[in-house]
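K.L.:
No sequence on hand, only this structure:
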């Protein structure tokens, strides 16, 4: 079964997880694609301090130019920076990247705080789909759901499918979920809500393809639904709109 992956980190990582070495460069990534039958993936910079994101966004754009049929580039921005809106413009209009990755814990911001309203208005204006890291605290899907409801035409992908993300999926039609780090049960619950809004994500290099692929295969859902998760939903969201 062909695979498209919506969650891949690329480039040099900051030393924020000393027990792993998450830096990943494009030649090694393409090798992994060939090994695990990954046709295409959304790639974005590894976590780092905000002032390094512009240079890392440049790297993502260069990788996409080198592998245009394998990579879809998302940029990263620290929303707290005064030049955040300027970098959003550059991501879309100069670098030609297709979306944005936000990590409320790493970038230390609460998405629904009034300070960030203009930031999300700019994202919506630029029509940049957003992949959010989700979990607890500032990364709670409930906080991100508020953004989705304010901007109902903006695709928002909730990373790391868990119970709160399942609930959010059922409450806004512009919310998608991706499967990295999940359990088969949460995939099954999500498919019951809408099998067209569940996407495969690996979170490479933090997780490994064999495990993340096996989790989706273990879900007790139809082969048709698995085909949508692994491939078709990604195609419908990104490729058919190019």
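P.N.:
That came through, no problem. What you are looking at is a predicted structure, and each value in this text was computed from that prediction instead of being measured.
K.L.:
going forward, measure contacts between C-alpha atoms and count neighbours the same way
P.N.:
Will do.
K.L.:
Pick out the residue closest to the middle of this protein.
P.N.:
With distances taken as C-alpha atoms, centre = their mean, the chain has residue 131 as the residue nearest its mean C-alpha position (3.6 Å).
K.L.:
For that one, give the beta-bridge partners.
P.N.:
When bridges are taken as DSSP bridges, the partners of residue 131 come out as residue 101, residue 157.
K.L.:
If we ignore the residues flanking it in sequence, what's nearest residue 215?
P.N.:
With C-alpha to C-alpha, 6 or more residues apart in numbering as the criterion, residue 215 has its nearest non-adjacent residue at 5.8 Å, and that residue is residue 184.
K.L.:
State the distance from that neighbour to residue 145.
P.N.:
When distance is defined by C-alpha to C-alpha, to the nearest Å, residue 184 is 23 Å away from residue 145.
K.L.:
again, but for residue 134
P.N.:
11 Å.
K.L.:
Ok, residue 7 next?
P.N.:
Look at residue 7 and residue 145: by C-alpha to C-alpha, they are 20 Å apart.
K.L.:
Looking at these two now, which is surrounded by more residues?
P.N.:
residue 7 (27 against 23; other C-alpha atoms under 10 Å).
K.L.:
Report all helices and strands that the helix or strand containing the more buried one contacts.
P.N.:
Secondary structure assignment for residue 7, by DSSP states H and E: strand 3-10. Other elements packing on strand 3-10 under the criterion 3 or more C-alpha pairs under 8 Å, 6 or more residues apart in numbering; DSSP states H and E are strand 38-45, helix 233-234.
K.L.:
hmm, try it at 7 Å
P.N.:
The contact analysis (3 or more C-alpha pairs under 7 Å, 6 or more residues apart in numbering; DSSP states H and E) places strand 3-10 against strand 38-45.
K.L.:
What distance do you get for residue 190 to residue 178?
P.N.:
Residue 190 sits 10 Å away from residue 178, going by C-alpha to C-alpha.
K.L.:
what do the two both touch?
P.N.:
Common contact partners of residue 190 and residue 178 (C-alpha atoms under 7 Å, 6 or more residues apart in numbering): residue 198.
K.L.:
Make sure the residue nearest to residue 215 is actually in contact with residue 216.
P.N.:
Yes - at 6.3 Å, residue 184 counts as touching residue 216 under the criterion of C-alpha atoms under 7 Å.
K.L.:
So which of the two has more stuff around it?
P.N.:
residue 216 (23 against 18).
K.L.:
and the helix or strand where the more buried one lies, how far from the chain's centre?
P.N.:
Taking DSSP H and E as the definition, one finds residue 216 inside helix 209-218. Its chain's average C-alpha position is 18 Å from that of helix 209-218, according to C-alpha atoms, centre = their mean, to the nearest Å.
K.L.:
Can you name the residues that contact the residue nearest to the centre of the chain?
P.N.:
Neighbour list for residue 131: 100, 101, 102, 156, 157, 158, 159 [criterion: C-alpha under 7 Å, 6+ apart].
K.L.:
what would these look like in CSV with distance to residue 224 and pLDDT?
P.N.:
Written out in CSV, the entries for the contacts of residue 131 read as follows (distance: C-alpha to C-alpha, whole Å; pLDDT from 0 to 100):
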residue, distance to residue 224, pLDDT
100, 29, 98
101, 29, 98
102, 31, 98
156, 23, 98
157, 21, 98
158, 22, 98
159, 22, 98
